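J.: fold the following, please.
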Amino acid sequence: MASRSCVHRCHCVLKLLCCTPLPSSSSLTAPAFPLTTCRRRGPADCWDVRPARRPPAGPVVIVQCGWHMRLGTKMVERTILARARLFLLPGEHPASNMFEVASSTCCSTWASSVRAWMDSLDPPLPDVVDWPFAGPQACAKARSDPAARRLLLSSYKFYVVRPAMLKLDLPAFQKAAAASLPVFCLPFSSWLSGPPGLQWNLLDLALGPGSWLQFRLWAVVRMSGCWPLQVLGAPLCVPTLPRCGGCGARDVDVWHALFSCPATAALRSSLWSRLPLPPPSCPAQVSQFLFHQSRPPTERREHVHFVAASLLLAMTGAAQF
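T.: Coordinates of the predicted model:
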């Protein structure tokens, strides 16, 4: 039962943090803008906008979703663990016999290719049988006891393989997070310095479907600095809108909605009256509070609500939530 609960929580977090459009918007608070018309005619006809120069970088999206590694790196990890599992199978197991033959041949095989890749890392990864923590006795016990085998493989994964995989992915994230976001003129690394993992504390907040829609709007802005039209059903996100639905200003970006739009002044006043924030005249400092990873869950809910409500007001011309 405990494992099922863990899997369910994991699926919930991944679904909540993922910024792709939901299968159906009927269960969410529907925006006033006729999104069904937009889906039928296309976003260019409804908003008259130009797409963003480039989508958010893959490593940034992965971190925003709370994942530790890129999927390719995850597959490499699984491959290394599959090799380790073959080492620890009983000697009479067919897979163990095939692995022994593949390892002893002079031809290039799957086993030798994985070993060569492990050697290319800095420092090289040891096989589970060469890991000092395991030793001959632990490996012998693992070959005869399935529970001991699982325990040894789990230790090898989290103490040897996983740190190497995270180290492998970190430069890719740092490079992607160093790019300056439109509007904010700050890199994504300003919000967090490394992959934070799944944000379990978000599940402790009593949030309904409408609030999770707000969170997805906030997350897309945090990653891209663009208008999150994609969350509302459009196939693209854009850096500017031709007209603000709240005040009528022309060629507006998300910075306008958050910090200068007269129509969102009441939202700003309400937020500043409840939370200790820098003055609105210092938007760069305020953005750190709105998007930084270290904010507590209760404050994060207020930040998410403010960002989403301001953007929806500017995009649709009607107050949401």
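J.: contacting residues for the residue lying closest to residue 125 once chain neighbours are set aside?
T.: Nearest residue to residue 125, sequence neighbours excluded (C-beta to C-beta, 6 or more residues apart in numbering): residue 118, at 4.1 Å. (C-beta placed from N, C-alpha, C; glycine too.) For residue 118, the contacting residues are 80, 124-125, 127, taking C-beta atoms under 8 Å, 6 or more residues apart in numbering as the criterion.
J.: of the residues you listed, select the buried ones using a ChimeraX command.
T.: Of the contacts of residue 118, the buried ones go into a single ChimeraX selection, burial set by 16 or more other C-beta atoms under 10 Å:
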select :80,125,127
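J.: what's the average pLDDT for stretch 292-303?
T.: pLDDT averaged over stretch 292-303 equals 82, rounded to a whole number.
J.: next, the buried residues of that stretch.
T.: So stretch 292-303, judged by 16+ other C-beta under 10 Å, has buried residues 295, 299-303.
J.: just stretch 257-277 next, same as before
T.: Of the residues in stretch 257-277, those buried by neighbour count under the rule 16+ other C-beta under 10 Å are 257-261, 263-264, 267-268, 271, 277.
J.: what are the ranges of the helices in the stretch 101-250 of the chain?
T.: If DSSP state H, counting those that start in this stretch is used as the criterion, the helices of the stretch 101-250 of the chain fall at 110-120, 135-144, 146-156, 162-177, 209-224.
J.: just give me the lowest mean pLDDT stretch among these.
T.: Between the helices of the stretch 101-250 of the chain, the one with the least mean pLDDT is helix 209-224; it has a mean of 85.
J.: report the inter-axis angle for that helix versus helix 162-177.
T.: Helix 209-224 runs at 80 degrees relative to helix 162-177, counting by axes from the mean of the first three to the mean of the last three C-alpha atoms, to 10 degrees.
J.: which residues touch residue 227?
T.: By C-beta under 8 Å, 6+ apart, the neighbours of residue 227 are 49, 221, 237-241, 253-254, 311, 315.
J.: and those, which are buried?
T.: Counted by 16+ other C-beta under 10 Å, the contacts of residue 227 give 49, 221, 237-241, 253-254, 311, 315 as buried.
J.: compute the first-to-last residue distance for stretch 245-254.
T.: With C-alpha to C-alpha, to the nearest Å as the measure, the first residue of stretch 245-254 is 12 Å from its last.
J.: what does that stretch contact?
T.: Stretch 245-254 is touched from outside by 33, 182-183, 221, 225-227, 239-244, 256-257, 261-264, 311, 313-318, with contacts defined as C-beta under 8 Å, 6+ apart.
J.: let's see it at 10 Å
T.: Residues outside stretch 245-254 that contact it (C-beta atoms under 10 Å, 6 or more residues apart in numbering): 32-33, 181-184, 220-221, 224-228, 238-244, 256-257, 260-265, 307, 310-319.
J.: repeat for stretch 85-94
T.: With C-beta under 10 Å, 6+ apart, stretch 85-94 has contacts from 95-100, 102-103, 111, 127-130, 134, 138-144, 146, 148-150, 152-153, 156.
J.: for it, buried residues please.
T.: Here stretch 85-94 shows 85-89 as buried, counting by 16+ other C-beta under 10 Å.
J.: weed out the non-buried ones from the contacts of stretch 85-94.
T.: Burial by neighbour count, 16+ other C-beta under 10 Å: within the contacts of stretch 85-94 this picks out 96, 99, 111, 127-128, 134, 138-139, 141-143, 148-149, 152-153, 156.
J.: circling back to that earlier point, could you say which one of the helices of the stretch 101-250 of the chain comes nearest to residue 61?
T.: helix 209-224 (6.3 Å; C-beta to C-beta).
J.: which strands and helices sit next to that closest one?
T.: Contact analysis of helix 209-224 by 3 or more C-beta pairs under 10 Å, 6 or more residues apart in numbering; DSSP states H and E lists helix 2-17, helix 58-64, helix 254-259, helix 283-291, helix 297-316 as its packing neighbours.
J.: among the helices of the stretch 101-250 of the chain, show me which one is buried the most.
T.: Counting by mean count of other C-beta atoms under 10 Å, helix 209-224 has the highest mean neighbour count of the helices of the stretch 101-250 of the chain, with a mean of 23.
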